[in-house]
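1. Mind folding the following:
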Amino acid sequence: MSETTALVTGGTAGIGLACAQSLLVSGTRRLMLVGRDAARGEAAAARLAGEAPGAKVRFAAADVATPAGATGAVAACVAAFGRIDALVSCAGGSPLPRLMHETPIETIGGIIATTTAGVLLPARAALDPMMRQGAGAIICIASDAAKVATPGEAAIGAAMAGIAMFCRTLAIEAKRSGIRVNCLTPSVVRDTAFYEMLMRDPFAARLFGKAERLAMLGVVEPADVAAMAAFLAGPAAARVTGQTISVNGGISAA
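-> Below is the predicted model of the structure:
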């Protein structure tokens with residue numbers, strides 16, 4: 001991992017920041033954080049650099065849900081470090097669950113687009129330098145809605161399933177270039193801004209409160225997802241590709 005250059009989108013808070021921390025703990029010494037808020041991003045980069053002496057941590061401000069933002073983020077990493085070996089793509093949207101008959105029809109396309117774009121576009125952008133290198137690891141963050149049909153998550157589930165199938169198909173395409181692609185699907189993740197937003201919404205709080213009671217191994221925290229992301233980015237997972245892995249504390253076995 002000391003030879004790994006990593007890019008983490010959505011890396012200034014929550015699961016993304018935890019993934020960045022886990023990569024550094026695993027030995028990564030060149031790390032590019034990407035987020036939309038420049039002040040928060042620079043503060044996160046400074047904090048991580050302080051926690052990992054000797055590591056080079058940089059920040060690039062970009063909206064990776066746009067083609068220009070995604071390609072710009074990857075270009076910033078390559079410009080700073082000369083390459084990109086691992087991408088953790090976790091800047092997806094965060095729509096609240098709603099029963100389909102209560103969801104305005106004109107919002108459905110937007111829900112699916114905003115949920116997927118910030119994850120899929122950076123993966124596409126990272127392909128070009130990884131193919132030139134002949135190696136790389138892409139880890140996309142979706143959710144268990146990709147696998148488990150849940151009331152209120154019809155549109156969200158469609159988007160998450162799309163991310164999972166994107167990763168499976170890309171894994172088959174990209175293996176010829178030495179690139180591995182995997183997908184992580186957490187369920188409830190505490191200690192994130194999205195979790196707090198869910199718990200303030202009456203419908204979502206009931207839905208995910210029930211899910212939490214099923215997590216008999218413990219409700220997942222960002223560090224749990226991050227540990228799996230760091231494993232998939234590293235040499236121990238050199239033969240792992242095309243997998244969709246749940247990290248959910250036992251909520252489901254999908």
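2. Give me the buried positions along stretch 135-153.
-> Neighbour counts over stretch 135-153 (16 or more other Cβ atoms under 10 Å) mark 136-148, 150, 152-153 as buried. Quick note: C-beta positions are derived from backbone N, CA and C, even for glycine.
3. try stretch 54-63
-> Buried, per 16+ other Cβ under 10 Å, within stretch 54-63: 55, 57-63.
4. Now do that stretch: distance from first to last residue.
-> End-to-end span of stretch 54-63 (Cα to Cα, to the nearest Å): 28 Å.
5. With stretch 185-197 instead?
-> For stretch 185-197, the end-to-end distance is 19 Å (Cα to Cα).
6. can you pull the buried residues of that stretch?
-> 185-189, 192, 194-195.
7. Inside strands: which ones of the buried residues of stretch 54-63?
-> 57-61 (DSSP state E).
8. okay, these in a markdown table with distance to residue 80 and pLDDT next?
-> Shown next, in a markdown table, are these (distance: Cβ to Cβ, whole Å; pLDDT from 0 to 100):
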| residue | distance to residue 80 | pLDDT |
| --- | --- | --- |
| 57 | 10 | 97 |
| 58 | 5 | 97 |
| 59 | 10 | 97 |
| 60 | 8 | 97 |
| 61 | 14 | 97 |
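9. Between all of the residues you listed, which two are at the greatest distance?
-> Greatest spatial distance in those: 57 and 61, 14.6 Å, computed using Cβ to Cβ.
10. hey, where'd the strands end up in the protein?
-> 5-9, 30-35, 56-61, 86-89, 136-141, 179-186, 244-247.
11. would you turn those strands into JSON lines with distance to residue 233?
-> What follows is the strands of the chain, written out as JSON lines (distance: least, Cβ to Cβ, whole Å):
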{"stretch": "strand 5-9", "distance to residue 233": "6"}
{"stretch": "strand 30-35", "distance to residue 233": "11"}
{"stretch": "strand 56-61", "distance to residue 233": "16"}
{"stretch": "strand 86-89", "distance to residue 233": "4"}
{"stretch": "strand 136-141", "distance to residue 233": "5"}
{"stretch": "strand 179-186", "distance to residue 233": "9"}
{"stretch": "strand 244-247", "distance to residue 233": "13"}
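12. Out of those, the one nearest residue 169 is which?
-> strand 179-186 (8.7 Å).
13. Can you list the strands that the closest one pairs with?
-> Pairing partners of strand 179-186, with direction, according to DSSP bridges: strand 136-141 (parallel), strand 244-247 (parallel).
14. closest to residue 93 among the buried residues of stretch 185-197?
-> Among the buried residues of stretch 185-197, and counting by Cβ to Cβ, the member closest to residue 93 is residue 194, at 9.9 Å.
15. contacting residues for that closest one?
-> 14, 94 (Cβ atoms under 8 Å, 6 or more residues apart in numbering).
16. how near is it to residue 11?
-> 15 Å (Cβ to Cβ, to the nearest Å).
17. Kindly report the same for residue 63.
-> For residue 63 relative to residue 11 (Cβ to Cβ), the value is 14 Å.
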